[in-house]
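Peer 1: prediction below, plus the sequence it came from.
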Amino acid sequence: MKPIYGSAQEAVEQIQDGATIMVGGFGLVGIPEKLILALVEKGVTDLTVISNNCGVDEWGLGLLLKNKQIKKMIGSYVGENKEFERQVLSGEIEVELTPQGTLAEKNAGRRSRHSGILHSGGRWHNGGGRKKKSVNLTAKNTYWNMP
């Protein structure tokens, strides 16, 4: 059974500097707004964020960008976020662009403990052997059962 937290602050309590988090949503639809605000308030830094995109200026993941709390962004779309563009061009943030289907399959592979996936580009992505714990934040559930 997954834990139920009394507040967004309690839900993000275990997330520390340098964590890798997966944030649900598509653009601004379905994002975990309260959990993102709790991370902003907590002030964790050096985050690696896995999400479809980095939202917009002044909202969602854009708030974490504004505070320079994201070190690396893994996503499939750069979006219209001007602060994200500025940080990328100035070398302040690392970006890993991944096709949407590959991003979804890499996540599915990790969740089902597959050792990796082979996509149309012919490259093998090893899903096992992660060094850091990952936390998957979605709008409806918070998963903590990661190895």
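Peer 2: Good, I have the coordinates.
Peer 1: now the helix ranked longest in the chain, how far from the centre of its chain.
Peer 2: Across the chain, the helix with the greatest residue count (assigned by DSSP state H) is helix 100-111. When distances are taken as CA atoms, centre = their mean, to the nearest Å, helix 100-111 is centred 13 Å away from the chain's centroid.
Peer 1: does anything pack onto that helix? Which helices or strands?
Peer 2: Helices and strands in packing contact with helix 100-111 are listed as strand 116-118, strand 124-126; criterion 3 or more CB pairs under 8 Å, 6 or more residues apart in numbering; DSSP states H and E. No exception for glycine: its C-beta is placed from N, CA and C like everyone else's.
Peer 1: quickly, which of the ones you listed bottoms out on average pLDDT?
Peer 2: Ranked on mean pLDDT, the bottom entry among these is strand 124-126, at a mean of 41.
Peer 1: now do the strands in this structure.
Peer 2: Assignment of strands within the chain using DSSP state E yields the ranges 20-23, 47-50, 70-75, 94-97, 116-118, 124-126, 134-137, 142-143.
Peer 1: mean pLDDT lowest where, among these?
Peer 2: Taking each of those in turn, the lowest mean pLDDT turns up on strand 142-143, with a mean of 35.
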